[in-house]
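Peer 1: quick one: sequence and predicted model below, then my questions.
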Amino acid sequence: MLFNSFEFVFLFLPLSLSAFYAVQRFGRYLQLGVLLVVSLIFYASWNFRFLMLLGGSILMNFAVGRALEVAVEVRRWRLANWLVAIGVGGNLAILSFFKYAHFIANNLNAVVGTELTMQQIVLPLGISFFTFEQIGYLVDIRRGRSYRWNLLHYALFVSFFPRLAAGPILRYGEIVPQMRDPQRGKRAAEDLAVGLTIFAIGLVKKSVLADGIAPYVTHAFAAIARDQPVDFFVAWSGAFGYTCQLYFDFSAYSDMAIGAARCFGIRFPANFNSPYKSSSIAEFWRRWHMTLSRFLRDYLYIPLGGNRRGPVRRYANLMITMLLGGIWHGANWTFVAWGGLHGLYLVMYHSYSTLCLKSNWGRRFRASLVGRVLGFVATFLAVVVSWVFFRAPNFSAAGNMLRGMAGLQGANLPEGLSFALHALQPLLSTIGVHFGSGSGSEMIRTWVWIGALLAIALAVPNSQEMLTKYRPVLEINNLERRPTPVQWALTPAWAVIAGAAIFLGVISINRVSECLYWQF
């Protein structure tokens, strides 16, 4: 069941909210029980056979967590370490089987010469996300956090449907206390208004913006998948188009997840904060998939030593973290390359920052308008190049696209544009641009879409900025506190605008279109 579907918007969400608030007067536990049942129904709507997997994972981690907490309390550290190893190892084993078994078998066959054969394994919905959450839960207990909650709270924490499919990656200690908050029900009207507004913004982003540019992106990437050489303009339109599609698709999902959760009185952590406005690759990762970045930092990068053991070790830790972050996204070497590329970007950025900090001129340049603009341009183009590996099915296709972007496969404009560009033909011919087959109107539509979406991404306030007054997410940091002329409020005018957004989003739903991050 997709968030951007008639079933969810007109049936599942209204019925779930009605059942949730109908039992509110009978006590918090009954209300949470209803929400747990609703979440399990949502999961079962995808593949009911995996309900047993989800339930087994919940019971296993809850049992290990309780035993681990007792071991930590009585300071039996060896037992605690064994319990953490068993719990984390069990979670990773389950994730590896479903997500990486086929990938591992194919690579063993290619490298060692074995003849392992495996049927294609169906990937359970959200397994990457709830696996990471439960690993974080166990590690936090080992670090001394005490979670005196019950099985109902834990089961709902793992299965809560707004983030079950594709995050954000939650922490037990930031969600369960909200479930126990006695004041939560008293804010129902505000929670519903804020939640539905954020959900409406996400729905428009998905069904109007992300799905609107998707056909133009598909055209370019379908060509490289067929080993058909693409020229300069087609390659860059595909790369820029996918850059926009993924941005609005993931931003849409994050908004819809945050909005749906807020309707039930639960605030999620921020997960997406206008990352294309970043002036450095480090800032990009503080804004893109923020809960994944937080998880990798706290449970991988820092335990590896972080930046505490000198620059060489720091850079090695960055590379390891980003490579594992890449493979987390999918069982394909292109994802490893994408992660490695971002690791390289981070190493280069931190090396550059270290050099700048050693001189007054360097510090002034970084803080200047020119330095910030150059940082923005370099960061954006680096991210665009990396998305080629994220989207391409294999290295051959990625290489085809990158060669086209470099101009090594020619640069052709549709013949239909030759009349409009007649005066420029001598100059275009001099720099290697020629006229050939293709649709001029389609090319214009593609670049109009790209220009419009980039303008929205860079100039329009995001949902967190627009609703700052109502604390749409758990943490409102300096990035969300920037002044913006568009401020949402609990007024009839904004209610009409939110209703219009929902209407626009709904009428734009014309096909089955999963959010891109649901595949991870």
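Peer 2: Great, that's in hand.
Peer 1: do a quick rundown of the helices in the stretch 51-200 of the chain.
Peer 2: 51-73, 77-112, 127-142, 151-159, 161-164, 172-179, 188-204 (DSSP state H, counting those that start in this stretch).
Peer 1: any idea which helix or strand carries residue 361?
Peer 2: Assessed by DSSP states H and E, residue 361 sits inside helix 360-367.
Peer 1: and that helix, what's buried?
Peer 2: 362, 366 (16 or more other C-beta atoms under 10 Å). Using the backbone N, CA and C atoms, a C-beta is placed for each residue, glycine as well.
Peer 1: got the contact list for it?
Peer 2: The contact list for helix 360-367 (C-beta atoms under 8 Å, 6 or more residues apart in numbering) reads 353, 355-357, 371-372, 375.
Peer 1: just the C-alphas of that helix, formatted as PDB.
Peer 2: C-alpha atoms of helix 360-367 as PDB (Å, rounded to 0.1, in the frame of the first residue of the first chain):
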ATOM      1  CA  ASN A 360      44.200  33.700   7.300                       C
ATOM      2  CA  TRP A 361      43.600  33.900   3.500                       C
ATOM      3  CA  GLY A 362      42.200  30.500   3.400                       C
ATOM      4  CA  ARG A 363      39.800  31.200   6.200                       C
ATOM      5  CA  ARG A 364      38.600  34.400   4.600                       C
ATOM      6  CA  PHE A 365      38.200  32.700   1.200                       C
ATOM      7  CA  ARG A 366      36.000  30.000   2.600                       C
ATOM      8  CA  ALA A 367      33.800  32.500   4.400                       C
END
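Peer 1: list the contacts for the closest residue to residue 300 other than its chain neighbours?
Peer 2: Closest residue in space to residue 300, ignoring its immediate chain neighbours: residue 321 at 5.2 Å, by C-beta to C-beta, 6 or more residues apart in numbering. Residue 321 makes contact with 296-297, 300-301, 304, 343, according to C-beta under 8 Å, 6+ apart.
Peer 1: avg pLDDT for the helix or strand hosting residue 321?
Peer 2: Per DSSP H and E: residue 321 is located in helix 311-329. Mean per-residue pLDDT for helix 311-329: 92.
Peer 1: helix or strand right after it?
Peer 2: Next along the chain from helix 311-329, counting by DSSP H and E, comes helix 333-357.
Peer 1: buried set for that following helix?
Peer 2: By 16+ other C-beta under 10 Å, the buried positions in helix 333-357 come out as 333-347, 349-350, 356.
Peer 1: can you pull up the most central residue in the chain?
Peer 2: residue 289 (4.4 Å; C-alpha atoms, centre = their mean).
Peer 1: give me every residue that touches that residue.
Peer 2: Contacts of residue 289 (C-beta under 8 Å, 6+ apart): 167, 250, 271-272.
Peer 1: let's see it at 7 Å
Peer 2: residue 271 (C-beta atoms under 7 Å, 6 or more residues apart in numbering).
Peer 1: per-residue confidence at it?
Peer 2: pLDDT for residue 289: 92.
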